[in-house]
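Enquirer: need coordinates for the following:
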Amino acid sequence: MIAACREGKAQPEELTGATFTMSNVGSFGIDSFTPIINPPEVAILGVCSTSLKPVRTEAGVDYKDFIGFSLTYDHQANDGAPASRFCAAVIKAVENLELYLAL
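Expert: So this is what the prediction gives:
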């Protein structure tokens, strides 16, 4: 499926019926956006662009890579607490990407 999508050969019927989607607009330089849920999905994770942001440290100010995420979810299907825990887990995984890739 990944190869078909990259080659532009995926058919619309092959891309329907999902319950969760990711939308990556980071390549367009978008810092923040609110993705829209497409039924029958119950949630969508928006991935934004990366940029350097100032972070206060004990030594002063340092610049760190920052990537924005936006989670939109259907409150009829998901409670806010599990959705927030999911988003926190995604952030933790990205912050520790080298560790996750070593597994």
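Enquirer: state the number of residues packed around residue 2.
Expert: By other C-beta atoms under 10 Å, the residues close to residue 2 number 7. (Each C-beta comes from the backbone N, C-alpha and C, glycine too.)
Enquirer: what does the model give it for pLDDT?
Expert: Looking at residue 2, its pLDDT is 85.
Enquirer: next one: it from residue 14, what distance?
Expert: According to C-beta to C-beta, to the nearest Å, residue 2 stands 12 Å off from residue 14.
Enquirer: which parts of this structure are helices?
Expert: Listed in chain order, the helices found in the chain under DSSP state H are 2-6, 80-95, 97-102.
Enquirer: and the first one, how far from the chain's centre?
Expert: On the basis of C-alpha atoms, centre = their mean, to the nearest Å, the separation between the geometric centre of helix 2-6 and that of its chain is 19 Å.
Enquirer: quick one: contacts of it?
Expert: Helix 2-6 is contacted by residues 10, 14, 15 when judged by C-beta atoms under 8 Å, 6 or more residues apart in numbering.
Enquirer: those in strands, which ones?
Expert: Within these, no residue falls in strands by DSSP state E.
Enquirer: nearest to residue 33 among those residues?
Expert: residue 15 (20.5 Å; C-beta to C-beta).
Enquirer: what's the closest non-adjacent residue to the closest one?
Expert: Nearest non-adjacent residue to residue 15, counting by C-beta to C-beta, 6 or more residues apart in numbering: residue 5, 7.9 Å away.
Enquirer: likewise residue 49?
Expert: The spatial neighbour of residue 49 that comes closest, neighbours along the chain excluded (C-beta to C-beta, 6+ apart), is residue 26 at 4.1 Å.
Enquirer: my read is that that neighbour contacts residue 46, right?
Expert: No: Residue 26 is beyond contact range of residue 46, at 9.2 Å (criterion: C-beta atoms under 8 Å).
Enquirer: out of the two, which sits in the more crowded spot?
Expert: residue 46 (21 against 17).
Enquirer: need the pLDDT of that one.
Expert: The model reports residue 46 with a pLDDT of 95.
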